[in-house]
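Visitor: sequence-free structure coming up:
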């Protein structure tokens, strides 16, 4: 650990900061030694500014160009004292420049830190900071107090955690934000408030140690511990996608955390304490709901019910007229089949609807015609998808703009904020600027139909946010396949809604693949949990085949099959696990090495190596670059000197350059997870069949339906049979959301 005075900011981006400094204290360096500090945002408590002193932890290396350099694993500001407070206010309090900060220092002197720590002093600060600006002065004073108290709280929390052997900058920042300026006092009063942020084992050990120091009798039976254990069980349920649970699952979780037998009186005591203090909401004697999730599920239910009962100003023709109109429509020379026509009519006549269908049944075509007809009637459409690549594909197919649901939410929330500004703004020029900003943002009106594609991936958080922003009269169409994997996030919405035949239109006739292909038939068998008829792999072709092999042979066989296709159509490899010897990381490393052939390779920050020809996937939505989470591409250039790569992503004619910290958002994609593949298609897919708790019918179905021409399963037929016999992931998920006549959970 060393202390460094910030001399100059070299770079400051959202993802981190580089600054040049001088050593104030370090075990092996002289005071005044020049050093450059590089820190990522997640390891840095706040934003450094010139003149501040920071405590930094990390390995020191000698760089040939920049001299001594440290890549910080943690960095936090030393709370400024004396005149440094003036520099702090200049850098961190909006609108407070050198003159105003100097005025505060001259007036309050060494008492300034104490003055800034109390909101009651805002009027006195205002009278000093801008005595001639009556309206502005209180705002500036509040900004000074807010910036100071926030920084003070963050540092206090970090120091307190460090004393407990927990050096986690991200956790300190979140605790200070959630618990406020008296965070340390609240942590001392109840260490179990750390349960949402840290593993139970770490929190429990810390709390029991603090309780022992406080001479609390029988700390293992303390009510705070029992409630904390309930909180930890609920937290773990949510992490697995559940929003509810059973008495049995709660008891099992408490047994694991409290380290007692299930018949121990402590278990009953913990359940009663958890119920009394709202750690969970009892529904029946056997079922409970997670409180935050329950509130969101109830909001979603209410929002959907309002949409279902709404009346749109758009006049839709009657069923008979629509039927005649649809019989005259042709797509690529083919007339619509009966289930497509019925689905289109049902959706157009329903304010809330689901379009359900398996692979290749024409959901995209049907969705396009629904949108066309809605617009013909005078409405407007917003097309969205959960994943960026799915939105990109949907937009191309429907010949309309499409965006991710996350981006729609951001734009609608911006529109809300601008609306509030317009209410307050009177100046004509400023109002014009705000109206121009509104023109560039999406809007939902009572004539809008919002379409969400790949809706099986819609989690509770996204559904809650969307419905809050939908005005009365707007319509909602969810398009998806209930047999696919449930959302990555918690909750289950689409899978519940499609059980209601009054709002669900179903497509069943397969269109996508040639009749010679057996992919749809194999997918249907998997969907039903039945072992499909699989041919023996015999090279390139169509349909689904299998190569049986032992776990030790998996990597070699997968690489061999991949090489047979690589010259024309590199296969997509799907695996269920990340970290074992035949998991995704191991497969990607093996593929990379086998394809290197002496080419230059660039080492990324997480140890991955990239070379020309490597398939890659992008890990976040970056709208400034037009890149989306899950987008697949290929490395087409490597620049070792500038530590950058060029990647050509699907759907683009020109490559994107990625450098520095941007490489953190890039992963090798010879093999990827099934969740990451949702929304993608590939001519050939190789599916690894290896024992994993994730291997179940919906995982297999999603994997097989990613292929357009050929699927090759590699692994054990016995493991495949076991996976098919297990319940699907959606059926395992316990949720409190109910629709119509469904049971509570």
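Guide: Everything's here; your move. Predicted model only: the values in this text are computed from it and were never measured. Numbering: from 1, shown residues only.
Visitor: can you map out the helices along the stretch 451-600 of the chain?
Guide: Secondary structure of the stretch 451-600 of the chain by DSSP state H, counting those that start in this stretch: the helices cover 460-468, 494-497, 519-527, 554-565, 584-596.
Visitor: winner for burial among those?
Guide: helix 494-497 (a mean of 24; mean count of other Cβ atoms under 10 Å). Bear in mind the C-beta positions are built from the backbone N, C-alpha and C, glycine included.
Visitor: next one: that helix to chain centre, how far?
Guide: 21 Å (Cα atoms, centre = their mean, to the nearest Å).
Visitor: and residue 61, how many neighbours?
Guide: Neighbours of residue 61 under the rule other Cβ atoms under 10 Å: 11.
Visitor: skip the chain neighbours and tell me the closest residue to it.
Guide: By the measure of Cβ to Cβ, 6 or more residues apart in numbering, the closest residue to residue 61 outside its immediate chain neighbours is residue 69, 5.5 Å from it.
Visitor: on the three-state scheme, the one you found is what?
Guide: strand (DSSP: H, G, I helix; E, B strand; the rest coil).
Visitor: neighbours of it, how many?
Guide: Residue 69, neighbours per other Cβ under 10 Å, totals 18.
Visitor: so it touches residue 33, yeah?
Guide: No - with contact defined as Cβ atoms under 8 Å, residue 69 does not count as touching residue 33 (11.9 Å).
Visitor: the residue nearest to the spatial centre of the chain - nearest residue in space that isn't next to it in sequence?
Guide: With distances taken as Cα atoms, centre = their mean, residue 489 lies nearest the centre of the chain, 7.7 Å away. Distances taken as Cβ to Cβ, 6+ apart place residue 459 nearest to residue 489, at 3.1 Å, with adjacent residues excluded.
Visitor: swap in residue 402?
Guide: Among residues not flanking residue 402 along the chain, residue 395 sits closest, at 3.4 Å (Cβ to Cβ, 6+ apart).
Visitor: same thing with residue 647?
Guide: In space, residue 647 is closest to residue 633, 4.5 Å off (Cβ to Cβ, 6+ apart).
Visitor: and the one you found, how far from residue 388?
Guide: 12 Å (Cβ to Cβ, to the nearest Å).
Visitor: shouldn't residue 315 be within a strand?
Guide: No - under three-state DSSP, residue 315 sits outside any strand and is assigned coil.
Visitor: got a list of what it touches?
Guide: 377-378 (Cβ atoms under 8 Å, 6 or more residues apart in numbering).
Visitor: how about residue 611?
Guide: By Cβ under 8 Å, 6+ apart, the neighbours of residue 611 are 592, 595-596, 599-602, 635, 638.
Visitor: can I get the residues you listed in TSV with distance to residue 201 and pLDDT?
Guide: Converted to TSV, these look like this (distance: Cβ to Cβ, whole Å; pLDDT from 0 to 100):
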residue	distance to residue 201	pLDDT
592	36	94
595	41	91
596	41	89
599	45	93
600	44	92
601	39	90
602	38	91
635	40	95
638	42	94
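Visitor: dump those residues to CSV, plus distance to residue 669.
Guide: Below are those laid out as CSV (distance: Cβ to Cβ, whole Å):
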residue, distance to residue 669
592, 11
595, 13
596, 16
599, 17
600, 19
601, 16
602, 16
635, 10
638, 16
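Visitor: for those residues, which one is nearest residue 146?
Guide: residue 602 (42.6 Å; Cβ to Cβ).
Visitor: does that closest one touch residue 640 like I think?
Guide: Yes - Residue 602 is in contact with residue 640 according to Cβ under 8 Å; the separation is 6.0 Å.
Visitor: neighbour count winner among those two?
Guide: Between residue 602 and residue 640, residue 602 has the larger neighbour count (other Cβ under 10 Å), namely 18 against 11.
Visitor: before we move on, what SS does residue 145 have?
Guide: On the basis of three-state DSSP, residue 145 is classed as helix.
Visitor: and it, how far from residue 648?
Guide: Taken as Cβ to Cβ, the span from residue 145 to residue 648 is 51 Å.
Visitor: please say which of those two ends up with more neighbours.
Guide: Comparing residue 145 with residue 648 by neighbour count (other Cβ under 10 Å), the higher total belongs to residue 145, at 20 against 16.
Visitor: that one: what's it in contact with?
Guide: Counted by Cβ under 8 Å, 6+ apart, residue 145 has contacts 116-119, 121-122, 125.
Visitor: PyMOL command to pick out the buried ones of the residues you listed?
Guide: The buried residues among the contacts of residue 145 can be selected in PyMOL (16 or more other Cβ atoms under 10 Å) with this line:
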select buried, resi 116+121+122+125
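Visitor: out of the contacts of residue 145, who's nearest residue 739?
Guide: residue 119 (46.5 Å).
Visitor: leaving out the residues flanking it, which one is nearest to the closest one?
Guide: In space, residue 119 is closest to residue 145, 5.7 Å off (Cβ to Cβ, 6+ apart).
Visitor: what angle do helix 460-468 and the helix or strand that residue 300 is a member of make with each other?
Guide: When elements are assigned from DSSP states H and E, residue 300 belongs to helix 291-308. On the basis of axes from the mean of the first three to the mean of the last three Cα atoms, to 10 degrees, helix 291-308 is oriented at 40 degrees to helix 460-468.
Visitor: what packs against the next helix or strand along the chain from helix 291-308?
Guide: Next along the chain after helix 291-308, taking DSSP H and E as the criterion, comes helix 319-327. Counting contacts by 3 or more Cβ pairs under 8 Å, 6 or more residues apart in numbering; DSSP states H and E, helix 319-327 is packed against helix 338-348, helix 363-376.
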